[in-house]
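In: with the sequence up front, the predicted model follows.
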Amino acid sequence: MNTKSDRWFDEALAPTRVSAPSGMKTRIMSRLHEKPKSSWLPAPRQWWIPALTGAAAALVLVWMQWHRTATLVKVHFELHAPGAQEVELVGNFNQWRPGSLRLAGPDGSGHWTATVELPEGRYEYQFLVDGRQWVTDPQATVVRPDGFGHINAIRDVTKEGIIL
Amino acid sequence: MYKLWRMEATDTELVEQCLAGKTEAFDELIQRHQDPVFNLLMKLTGNWHEAGDLTQEAFIRAYRKLGSYDPQFSFKNWVIAIAVNLAKNRFRSFFRRRRIEEQTSGPVESTAADPRVELVDQALAQLPDTLRVPIVLKHMEGYSYEEIAQTLNIGVSAAKMRVARAREELVRRIEP
């Protein structure tokens, strides 16, 4: 606990006082009628910058989506299953729902085939034989377990063609 | 008749003139109160340019909010409260930066010629913001504890405690 009086502190601090710089009043008066600045909104004159950037980004996104769907690639699938009654193609391109993509066949040598138009992308799939037997594409070079005891085949589809 | 010989208008009268459209009345309000506002901001920021910018902003904001000024309070206290809030809300990062700079490069050098004044200045600069502002308001601007509490939006007992702690810290640094 210090024993200094109020006056002692008044007198100790008084010499440290500083005055406003000359011209302060003039500067303030000249700025009184400025429009308030917003810290996060751009100035009205600069509205075209974010507006144009947003429009350009939207256009690019629309173009990318259009280009992706417009560039469909024909992908050929084939399975040798001479004794099968029915072969279906099931994958992430048809949300793993059987019944939408049936392979044609069998031909004279027991092959089932289908050609599907797909946008560019990576696809995982399996063949479903006679509605009950999941078969991994024997021609697939990239596979991965599906977590349910079967193996998914993987194909990367690009406009230049199928990579895998 | 009364106003014929009374030379100076009160702050409240000047505010009324401003609100009536006489912008030049604000010139007089700045003239009267720019020094205490700038002094407090110098003590808060320790930076001449920053204090100058904040002083300008405080007065400009006060001008725009003149319609909400309550004449039962002092105009000076009102502008100082605006300045303190501006400094707190808009330059928090600045205060943090300043503290870091002080920790790494030592206290800001005082420009005072008198070594004792320089000592007090540096001791004041080394106090935390929460103690420095109350002691400056109390002993440089003559605020009551109630006015300090109102300006800093704290309780009166907290204001008393902060001033007391600031005094102790200041004395400890000046007279170790």
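Out: Happy to help now that I have it. All figures in this text were calculated on a predicted structure; none of them were measured in a lab.
In: okay, CA-based contacts and neighbour counts for the rest of this
Out: Will do.
In: where along chain A do the helices fall?
Out: Using DSSP state H, the helices of chain A run over A:6-13, A:24-31, A:48-70.
In: so for residue B:152, which of those sits nearest?
Out: For these, proximity to residue B:152 was assessed by CA to CA; helix A:6-13 is nearest, at 20.3 Å.
In: and the contacts of that closest one?
Out: Residues outside helix A:6-13 that contact it (CA atoms under 8 Å, 6 or more residues apart in numbering or on different chains): B:117, B:120-121, B:136, B:139-140, B:167.
In: again, but for stretch A:100-113
Out: If you take CA under 8 Å, 6+ apart as the criterion, stretch A:100-113 is touched by A:76-84, A:86-90, A:94, A:114.
In: so how far is it from its chain's centroid?
Out: Distance, stretch centre to chain centre, for stretch A:100-113: 36 Å (CA atoms, centre = their mean, to the nearest Å).
In: residue closest to the middle of chain B?
Out: Centroid check for chain B by CA atoms, centre = their mean gives residue B:40 as the closest residue, at 3.3 Å.
In: what bridges to the residue nearest to residue A:78 when sequence neighbours are not counted?
Out: Spatial nearest neighbour of residue A:78, chain neighbours left out: residue A:113 (4.4 Å); criterion: CA to CA, 6 or more residues apart in numbering or on different chains. According to DSSP bridges, the residues that bridge with residue A:113 are residue A:78, residue A:104.
In: separate out the buried members of the contacts of helix A:6-13.
Out: By neighbour count, with 16 or more other CA atoms under 10 Å in any protein chain shown, the contacts of helix A:6-13 hold B:117, B:120-121, B:136, B:139-140, B:167 as buried.
In: considering only the residues you listed, which also neighbour chain A?
Out: When CA under 8 Å from any CA of the partner chain is applied, the members of the buried ones among the contacts of helix A:6-13 adjacent to chain A are B:117, B:120-121, B:136, B:139-140, B:167.
In: please identify which pair of the residues you listed lies farthest apart.
Out: B:117 and B:167 (15.9 Å).
In: from chain A, how far out is residue B:83?
Out: Separation of residue B:83 from chain A (CA to the nearest CA, to the nearest Å) stands at 14 Å.
In: show me what contacts that residue?
Out: By CA under 8 Å, 6+ apart, the residues touching residue B:83 are B:37, B:41, B:54-55, B:57-58.
In: phi and psi next, for it.
Out: Dihedral angles of residue B:83 (phi, psi; degrees, to the nearest 10) stand at phi -60, psi -40.
In: thinking again about what came up before, could the ones next to chain A among the buried ones among the contacts of helix A:6-13 be laid out in TSV, adding secondary structure and pLDDT?
Out: What follows is those, written out as TSV (DSSP: H, G, I helix; E, B strand; the rest coil; pLDDT from 0 to 100):
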residue	secondary structure	pLDDT
B:117	helix	85
B:120	helix	90
B:121	helix	88
B:136	helix	94
B:139	helix	94
B:140	coil	93
B:167	helix	95
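In: now those residues in TSV, with distance to residue B:84?
Out: Below are these laid out as TSV (distance: CA to CA, whole Å):
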residue	distance to residue B:84
B:117	24
B:120	22
B:121	20
B:136	12
B:139	17
B:140	15
B:167	20
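In: quick check: residues of chain A near chain B?
Out: Within chain A, the positions near chain B by CA under 8 Å from any CA are A:1-2, A:6, A:9-10, A:12-21, A:24-25, A:27-29, A:31-32.
In: that older thread, closest one to residue B:27 among the helices of chain A?
Out: Taking CA to CA, helix A:24-31 is the member of the helices of chain A nearest to residue B:27, at 6.8 Å.
In: pull out the buried residues from that closest one.
Out: For helix A:24-31, the neighbour count (16+ other CA under 10 Å) marks A:24-25, A:28-29 as buried.
In: so how far is that helix off the chain centroid?
Out: Averaging C-alpha positions (CA atoms, centre = their mean) puts helix A:24-31 51 Å from its chain's average.
In: which strands and helices sit next to it?
Out: On a contact count with 3 or more CA pairs under 8 Å, 6 or more residues apart in numbering or on different chains; DSSP states H and E, helix A:24-31 meets helix B:24-45, helix B:48-64.
In: settle this for me: the residue nearest to the centre of chain B is touching residue B:134, isn't it.
Out: No. Using CA atoms under 8 Å, residue B:40 is not in contact with residue B:134, being 10.1 Å away.
In: show me which helix or strand of the chain is least confident by mean pLDDT.
Out: If you meant another chain, say so; for now it's chain A. The weakest-scoring helix or strand in chain A, judged by mean pLDDT, DSSP states H and E, is strand A:161-162 (a mean of 56).
In: so where's chain B uncertain?
Out: Counting by pLDDT under 70, chain B contains low-confidence ranges at B:1-7, B:90-113, B:176.
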